[in-house]
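Participant: next comes the sequence, and after it the predicted model I'd like to discuss.
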Amino acid sequence: MTAPVLSFSFIILWSSAFISAKAIMADGTAFASLALRFAIVAGGFGCAALIIHWRTRPSRFLTLSETCHAAIAGCLLHGFYLGGVFWALSHGMQATLAALIISLQPVFTALLAGPLLGERITARNWLGILLGFMGALLVIGFDIGGAIPVPALLICCGALLAAITGTLYQKQFGQDMPLIPMNMVQAGAAMILHLILLALFEVPSITLTTSYIVGMAWQIGAVSFGAYVMFMILLSRGSSQQTSSLLFLIAPVAAVQGWIILGETLTMQDMIGLGIASAGVYLATRRLAPS
């Protein structure tokens, strides 16, 4: 799969998580639903790892050091990031505001990628990052209204920090890990973390309605097995700044999906913002010419 097709597919599938999450959160608590999701995901990747190992020997599993690194990245990206967003949404945070906060990730990733990972970021990339954020803000920033629950706001900001840290950590330590075993460990670590958070902060509840089952199936199949694997591939092929900049398109594309699937309003302002964000992502993700 070529890089443009992979990036396009990632954006579409990752954006759809916001739509399917609405169905899940209506009939289940945050940490219980995420623990169930990642238990299934870990089992799926575990079966795939065993099949691949059996059919294509001598494939390898993770070393002890790689297992620890994968578990840490999984707790950051699957655990604290998704857990924070789901918890914030279930406690009154508007989806648009949550998306706006998370869309700051590429800015902070770019700021930290240089000194921490030695990645070179050009003026063109910085312009793209600025345009991407402005486009996302134009789509969702002016839709914010009403009271903002302070605890949910703080948790969502914590989720942003986990997403930034997890992306940089994965880029630093996950480059050479076999993809399927790594995802198995990450999902398993996230499941354990969500079970701990459930025990500490939540009265678990899941009602297996049709919408819940369909939403969970989509989150597992399309997002965890699809979009997240694509994210890992994109991160291994490009810089953390380039890959993170794709996230500027998540909120605008989710707005389009909400208009098509849920009948939500999509204004001309939204369309202009999507165009600006697209131009920003193009500039931010352009590969540097060899020096």
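Facilitator: That came through, no problem. Residues are numbered from 1 along each chain as shown.
Participant: now do the helices in the protein.
Facilitator: Taking DSSP state H to define them, one finds helices in the chain at 3-27, 30-55, 64-74, 82-90, 95-102, 105-117, 123-140, 150-173, 179-201, 210-218, 228-237, 240-245, 250-257, 268-285.
Participant: would you indicate which residues of the second one are buried?
Facilitator: For helix 30-55, the neighbour count (16 or more other Cβ atoms under 10 Å) marks 30-42, 44-46, 48-49, 53 as buried. Heads up, the C-betas are built off the backbone N, CA and C, glycines and all.
Participant: by contact count, what packs against it?
Facilitator: Applying 3 or more Cβ pairs under 8 Å, 6 or more residues apart in numbering; DSSP states H and E, one finds that helix 30-55 contacts helix 82-90, helix 179-201, helix 210-218.
Participant: now swap in the first one and tell me
Facilitator: Packing contacts for helix 3-27, counted by 3+ Cβ pairs under 8 Å, 6+ apart, involve helix 82-90, helix 95-102, helix 210-218, helix 228-237, helix 250-257.
Participant: now do the fourth one: which elements does it pack against?
Facilitator: Counting by 3+ Cβ pairs under 8 Å, 6+ apart, the packing neighbours recorded for helix 228-237 are helix 3-27, helix 150-173, helix 179-201, helix 240-245.
Participant: those helices into CSV, with extra columns for distance to G83?
Facilitator: Below are the helices and strands packed on helix 228-237 laid out as CSV (distance: least, Cβ to Cβ, whole Å):
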stretch, distance to G83
helix 3-27, 12
helix 150-173, 7
helix 179-201, 6
helix 240-245, 20
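Participant: nearest to F80, out of the ones you listed?
Facilitator: For the helices and strands packed on helix 228-237, the distance to F80 is smallest for helix 150-173, at 3.6 Å, taking Cβ to Cβ.
Participant: quick revisit: deepest-packed of the helices and strands packed on helix 30-55, please.
Facilitator: helix 82-90 (a mean of 25; mean count of other Cβ atoms under 10 Å).
Participant: right, and the helices and strands packed on helix 30-55 - which one's nearest L161?
Facilitator: helix 82-90 (8.8 Å).
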